[in-house]
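Peer 1: Attaching a predicted model along with its sequence, questions to come.
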Amino acid sequence: MSKILIVTEVNNGEVKKNSLELLSFAKSQGLESDAVLIGSGISGQADVLAGQGASTVYLGDDASLEIYNTEQYTALVSDALEKSGATQVWLSSSELGRDLAPRVAARQGVGALSDVTQLEVNVDEITAYRPCMATKVIQKCKFSKDGLRVISIRSGFFAADETSPAKANAVSLLIPEGHPQLKVIDVQVEVSDEVELNEASIVVSVGRGVGGTEGCDAVKPLANDLGAAFGASRAVCDAGWLPHKHQVGQTGTMVNPDFYFALGISGAIQHLAGMSGSKVIVAVNKDPEAPIFKVADYGIVGDLFKALPIFREEIAKLKG
Amino acid sequence: MEIIVPVKQVPDVELNIKVKDGAIVEEGLSYVISSWDETALEAALQITEDVGGEVTLLTIGPEKAAESLRKGLAIGAHKAIHVKYDDAKETDSFAYAKILQKALEGRSYDLLLTGKQAQDTDAGLTAPMLAEFIGLPQVTNIIRFSDVSDGRITLHRMGDHGTEVVEMNLPGVVTVNDSLNEPRLASMRGIMMAKKKPLEEVDLDGIGVSAEMRGAPASMTEVLQYEKPDSRKEGKTFEGEEADTVKQAMELLVSEAKFLA
Ligand SMILES: Cc1cc2nc3c(=O)[nH]c(=O)nc-3n(C[C@H](O)[C@H](O)[C@H](O)COP(=O)(O)OP(=O)(O)OC[C@H]3O[C@@H](n4cnc5c(N)ncnc54)[C@H](O)[C@@H]3O)c2cc1C
Ligand SMILES: Nc1ncnc2c1ncn2[C@@H]1O[C@H](COP(=O)(O)O)[C@@H](O)[C@H]1O
């Protein structure tokens, strides 16, 4: 029998949507899953995972785990693996998952498949699809040897069921030492009530066409009107007009919301790689030849600053 | 500081990539240093310019991978090592990490600096696996360095909810995000000088990579086939005064795409 150990993530003390998606997906496939939950002061969230179907929740709850670090997290996942007897480990391909998945796999002496967008599970036979070469092609892959399957999965591809918490069967793990050569000093978080990019159903993104920080400030209210996450191209982040966490694309956040608004973004392949999975794309660009129009469902050739107030008016009307 | 930069030669993904019968069409591909690895090289050059030391490129690949090493030397690397591997097809990140481990045996370095992922696989697996095999700490997805000294470095990593600041005692493995820097280009003088720089060639037998450590037998995963992604259906474009075009687009967004429904 196969059994999945799902590495779950928390933000601001709450389980993230990407983790719930993985639990829901396992359940929909009739697969048994355990979860591992790591952080500081997060034990209360175990019931949320149980409600979503986790049989056992392995807890690593300690002040030293507040900020992600490879060594302790790898040791905890390995410990949970041994205790649960799982035959597969699933992670989100978040920055945490991208760092952790290969390290866990290597420690177990096996390979991994990363950034998977479609997964077929037949006991421990896996068929996985993953975009590569800047999303110009899709690889269909499998594991070619027996042994543990380590898979990181992009968020937003499976729906998370609505559930209510249930009493968890929780097991506390021993807290391991960190790597003697590494010390996490700090995490610089901007305090904000912004919607997270990979959790949003609408994303409004800006490109170099906004011209500067003032331009970004002018577009932000549109995102607020829509309850949308605020994204950006790399050009905008590199110029320092917005912090890097707003970057959408191959090296930023991969998003696939229901609606993606691209304002003043040319549509370079690395940007498209991160958002072309969006269900509906709306683009505004002055240049009718901009490559973004090749992927846009609704393309407006024009000045974003002239378009902006009309969008806001129309949206205000719709919202009544 | 001694820095080794593993670089992979990959098809240029800016060009058109064709797929036929489940495989990538070789014809028309042009090969380059994976662009994140160029960022890693630039970072390595900046560090050694700052605190002294040398930058060594390391690639595992066929004959033509030497072109990428020459290019890296022209950009400014001091030395290069070419592990010759002609039949590299079917080799996954796990197997490459094992070969890299072998290639690094007996060599001294303070830092292994690579791209966060290779442009052909977009996997991001090799460096953390290598770090685990050697038993070194890793910090991935770096957007800034600070306080670089001989024995220690402070790394700013782009995490999920902010910038994580980590102090690492060397040696260690670091992977870079492309926003770290803007890689310099090779100068005419650099290209001339590259011809005189040491390029060491090693074969797999020479570093103890047995037949079982190569290709499919050594790999844990396998690509069954390549496919083109579903192309998006043709969209609608609106030209004219924004006051009109935005309204037209919004009408369809609501009626066809059920926006804000
Ligand atoms: C390894 C690598 C990784 C990368 N990763 C990413 C990534 O993750 N994300 C990413 O975004 N990029 C990434 N890039 C960079 C990418 O190649 C492009 O350089 C970048 O996306 C361009 O950003 P842009 O569209 O905002 O700027 P530009 O390409 O300069 O486009 C600006 C657009 O704005 C339009 N415009 C100007 N003024 C107006 C106006 N008033 N109204 C309407 N339109 C206007 C112009 O017509 C133009 O099309 C990466 C590059 C590399 C090499
Ligand atoms: N054949 C290779 N030779 C040298 N370095 C490699 C090779 N394969 C992978 N790497 C390094 O590992 C990184 C990540 O590769 P990947 O796991 O395929 O995304 C690359 O950017 C390189 O720095």
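Peer 2: Perfect, thanks for sending it. Numbering: from 1, shown residues only, chains lettered A, B, ... in the order given. Ligands and ions are numbered 1, 2, ... in the order given.

Peer 1: got the CA coordinates for the longest helix seen in chain B in PDB?
Peer 2: For chain B, the longest helix by residue count, based on DSSP state H, is helix B:35-51. C-alpha atoms of helix B:35-51 as PDB (Å, rounded to 0.1, in the frame of the first residue of the first chain):
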ATOM      1  CA  SER B  35      21.600  31.700 -17.700                       C
ATOM      2  CA  TRP B  36      21.300  31.300 -13.900                       C
ATOM      3  CA  ASP B  37      24.800  29.800 -14.000                       C
ATOM      4  CA  GLU B  38      26.000  33.000 -15.600                       C
ATOM      5  CA  THR B  39      24.600  34.900 -12.700                       C
ATOM      6  CA  ALA B  40      26.500  32.500 -10.400                       C
ATOM      7  CA  LEU B  41      29.700  33.200 -12.300                       C
ATOM      8  CA  GLU B  42      29.200  36.900 -12.100                       C
ATOM      9  CA  ALA B  43      28.700  36.700  -8.400                       C
ATOM     10  CA  ALA B  44      31.800  34.600  -8.000                       C
ATOM     11  CA  LEU B  45      33.800  37.100 -10.000                       C
ATOM     12  CA  GLN B  46      32.500  40.000  -7.800                       C
ATOM     13  CA  ILE B  47      33.400  38.100  -4.600                       C
ATOM     14  CA  THR B  48      37.000  37.300  -5.700                       C
ATOM     15  CA  GLU B  49      37.500  40.800  -7.000                       C
ATOM     16  CA  ASP B  50      36.500  41.900  -3.500                       C
ATOM     17  CA  VAL B  51      38.300  39.500  -1.200                       C
END
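
Peer 1: Residue in the stretch 151-300 of chain A with the shortest distance to ligand 1?
Peer 2: residue A:249 (2.2 Å; Cβ to the nearest ligand atom). Quick note: C-beta positions are derived from backbone N, CA and C, even for glycine.

Peer 1: how about the nearest residue to that residue, chain neighbours excluded?
Peer 2: residue A:274 (3.7 Å; Cβ to Cβ, 6 or more residues apart in numbering or on different chains).

Peer 1: Equivalent analysis for residue B:171, please.
Peer 2: residue B:110 (5.2 Å).

Peer 1: Could you report the separation of the one you found from residue A:253?
Peer 2: 32 Å (Cβ to Cβ, to the nearest Å).

Peer 1: okay, those two: which has more neighbours?
Peer 2: residue A:253 (25 against 20; other Cβ atoms under 10 Å in any protein chain shown).

Peer 1: Is that one bridged to anything, and to what?
Peer 2: Judged by DSSP bridges, the bridge partners of residue A:253 are residue A:248.

Peer 1: Identify the residues contacting it.
Peer 2: A:197, A:198, A:231, A:245, A:247, A:274 (Cβ atoms under 8 Å, 6 or more residues apart in numbering or on different chains).

Peer 1: let's see it at 10 Å
Peer 2: A:94-95, A:155, A:196-198, A:200, A:203, A:229, A:231, A:244-247, A:274-275, B:158, B:160 (Cβ atoms under 10 Å, 6 or more residues apart in numbering or on different chains).

Peer 1: Can you check my assumption that residue B:127 lies in a strand?
Peer 2: No: going by DSSP: H, G, I helix; E, B strand; the rest coil, the assignment for residue B:127 is helix, not a strand.

Peer 1: That one contacts residue B:6, doesn't it?
Peer 2: Yes: contact criterion Cβ atoms under 10 Å: residue B:127 and residue B:6 qualify, at 7.6 Å.

Peer 1: one step back: backbone phi and psi for the residue nearest to residue B:171, please?
Peer 2: phi -100, psi -30 (degrees, to the nearest 10).

Peer 1: do the helix or strand residue A:82 falls within and chain B meet?
Peer 2: Taking DSSP states H and E as the criterion, residue A:82 maps to helix A:70-84. Yes: applying Cβ under 10 Å from any Cβ of the partner chain, one finds helix A:70-84 touching chain B at A:70, A:71, A:74.

Peer 1: what's downstream of that helix, the next helix or strand?
Peer 2: Assigned by DSSP H and E, the successor of helix A:70-84 is strand A:88-92.

Peer 1: So what angle separates the directions of the following helix or strand past that following strand and helix A:70-84?
Peer 2: Per DSSP H and E, the first helix or strand lying C-terminal to strand A:88-92 is helix A:95-107. Helix A:95-107 runs at 60 degrees relative to helix A:70-84, counting by axes from the mean of the first three to the mean of the last three Cα atoms, to 10 degrees.

Peer 1: tell me the mean pLDDT over helix A:95-107?
Peer 2: Predicted confidence along helix A:95-107 averages 98 (mean pLDDT).

Peer 1: Look through the stretch 51-200 of chain B and state the residue closest to ligand 1.
Peer 2: Closest point on the stretch 51-200 of chain B to ligand 1, by Cβ to the nearest ligand atom, is residue B:178, at 4.1 Å.

Peer 1: The residue of the stretch 151-300 of chain A closest to ligand 1 and residue A:270 touch, don't they?
Peer 2: Yes: Residue A:249 is within contact range of residue A:270, at 5.0 Å (criterion: Cβ under 10 Å).

Peer 1: list residues touching both of the two?
Peer 2: Common neighbours of residue A:249 and residue A:270 (Cβ under 10 Å, 6+ apart) are A:134, A:233, A:234, B:178.

Peer 1: Next to ligand 2, which bits of the stretch 101-250 of chain B? Give me the list.
Peer 2: For the stretch 101-250 of chain B, the residues in contact with ligand 2 (Cβ under 6 Å from any ligand atom) are B:114, B:115, B:117, B:118, B:121, B:123, B:124, B:125, B:126, B:127.

Peer 1: Now distance to ligand 1 and neighbour count too, for these, in JSON lines please.
Peer 2: Conversion of these to JSON lines gives the following (distance: Cβ to the nearest ligand atom, whole Å; neighbours: other Cβ atoms under 10 Å in any protein chain shown):
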{"residue": "B:114", "distance to ligand 1": "13", "neighbour count": "29"}
{"residue": "B:115", "distance to ligand 1": "8", "neighbour count": "27"}
{"residue": "B:117", "distance to ligand 1": "9", "neighbour count": "28"}
{"residue": "B:118", "distance to ligand 1": "11", "neighbour count": "26"}
{"residue": "B:121", "distance to ligand 1": "14", "neighbour count": "22"}
{"residue": "B:123", "distance to ligand 1": "15", "neighbour count": "25"}
{"residue": "B:124", "distance to ligand 1": "13", "neighbour count": "26"}
{"residue": "B:125", "distance to ligand 1": "17", "neighbour count": "30"}
{"residue": "B:126", "distance to ligand 1": "16", "neighbour count": "26"}
{"residue": "B:127", "distance to ligand 1": "16", "neighbour count": "30"}
